[in-house]
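# One predicted model, sequence on top.
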Amino acid sequence: MKSKAATYFLWFFLGFFSAHSFYLGKIGKGILYLLTCQLFGIGWIIDLFLIDGMVDRYNLELKTSRIETIYV
(Lines give C-alpha, C1' and ligand atoms only; values in the text may rest on other atoms or scores of the structure.)
Protein backbone atom coordinates (compact mmCIF):
# COMPACT_ATOMS: atom_id res chain seq x y z
CA MET A 1 0.00 0.00 0.00
CA LYS A 2 1.29 3.42 -0.96
CA SER A 3 0.79 6.50 1.16
CA LYS A 4 -0.78 9.71 -0.11
CA ALA A 5 1.38 11.72 2.28
CA ALA A 6 4.56 10.13 0.95
CA THR A 7 3.41 10.70 -2.63
CA TYR A 8 2.68 14.38 -1.98
CA PHE A 9 6.05 14.72 -0.24
CA LEU A 10 7.82 13.24 -3.27
CA TRP A 11 5.73 15.40 -5.61
CA PHE A 12 6.61 18.59 -3.77
CA PHE A 13 10.30 18.03 -3.12
CA LEU A 14 11.34 15.69 -5.94
CA GLY A 15 8.57 16.25 -8.45
CA PHE A 16 10.95 17.77 -10.96
CA PHE A 17 12.61 14.34 -11.14
CA SER A 18 9.23 12.53 -11.34
CA ALA A 19 9.87 10.70 -8.08
CA HIS A 20 6.14 10.47 -7.34
CA SER A 21 5.48 8.74 -10.69
CA PHE A 22 8.25 6.22 -10.13
CA TYR A 23 7.00 5.64 -6.56
CA LEU A 24 3.59 4.67 -7.94
CA GLY A 25 5.06 2.38 -10.55
CA LYS A 26 4.34 4.65 -13.51
CA ILE A 27 7.74 4.21 -15.12
CA GLY A 28 6.73 5.32 -18.62
CA LYS A 29 5.09 8.48 -17.34
CA GLY A 30 8.07 9.15 -15.10
CA ILE A 31 10.52 8.90 -17.98
CA LEU A 32 8.33 11.10 -20.21
CA TYR A 33 8.04 13.72 -17.48
CA LEU A 34 11.77 13.54 -16.79
CA LEU A 35 12.69 14.09 -20.42
CA THR A 36 10.23 16.97 -20.92
CA CYS A 37 10.81 18.76 -17.59
CA GLN A 38 7.38 17.76 -16.31
CA LEU A 39 5.79 18.61 -19.65
CA PHE A 40 7.34 22.06 -19.33
CA GLY A 41 6.01 22.51 -15.78
CA ILE A 42 2.36 21.90 -16.58
CA GLY A 43 2.46 18.21 -15.63
CA TRP A 44 3.73 19.04 -12.16
CA ILE A 45 0.68 21.25 -11.50
CA ILE A 46 -1.75 18.74 -13.02
CA ASP A 47 -0.36 15.95 -10.85
CA LEU A 48 -1.22 17.98 -7.75
CA PHE A 49 -4.89 17.32 -8.50
CA LEU A 50 -4.44 13.74 -9.75
CA ILE A 51 -2.31 12.28 -6.96
CA ASP A 52 -5.29 11.23 -4.79
CA GLY A 53 -6.75 9.18 -7.61
CA MET A 54 -3.40 7.77 -8.68
CA VAL A 55 -2.66 6.48 -5.15
CA ASP A 56 -6.18 5.08 -4.74
CA ARG A 57 -5.93 3.33 -8.12
CA TYR A 58 -2.51 1.86 -7.27
CA ASN A 59 -3.74 0.56 -3.90
CA LEU A 60 -6.91 -0.89 -5.45
CA GLU A 61 -4.90 -2.69 -8.15
CA LEU A 62 -2.56 -4.04 -5.50
CA LYS A 63 -5.46 -5.28 -3.37
CA THR A 64 -7.16 -6.84 -6.41
CA SER A 65 -4.00 -8.65 -7.49
CA ARG A 66 -3.57 -10.05 -3.98
CA ILE A 67 -7.15 -11.36 -3.96
CA GLU A 68 -6.72 -12.94 -7.38
CA THR A 69 -3.57 -14.77 -6.29
CA ILE A 70 -5.36 -16.13 -3.24
CA TYR A 71 -8.30 -17.53 -5.23
CA VAL A 72 -6.38 -18.76 -8.27
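Structure received.

# which stretches of this structure form helices?
Per DSSP state H, the chain carries helices over the ranges 4-14, 19-23, 27-35, 37-40, 42-71.

# List the buried residues for the shortest one?
Of the residues in helix 37-40, those with enough neighbours to count as buried (16 or more other C-beta atoms under 10 Å) are residue 38. Glycine gets a C-beta too; all of them are placed from N, C-alpha and C.

# Check the first one too.
Neighbour counts over helix 4-14 (16+ other C-beta under 10 Å) mark 7, 8, 10, 11 as buried.

# okay, the angle between it and helix 42-71?
Interaxial angle, helix 4-14 versus helix 42-71 (axes from the mean of the first three to the mean of the last three C-alpha atoms, to 10 degrees): 150 degrees.

# Burial-wise, tell me which of the helices of the chain comes out on top.
Across the helices of the chain, the average number of neighbours (mean count of other C-beta atoms under 10 Å) peaks for helix 19-23, which reaches a mean of 21.

# pLDDT below threshold where in the chain?
Low-confidence segments of the chain, defined by pLDDT under 70: 71-72.
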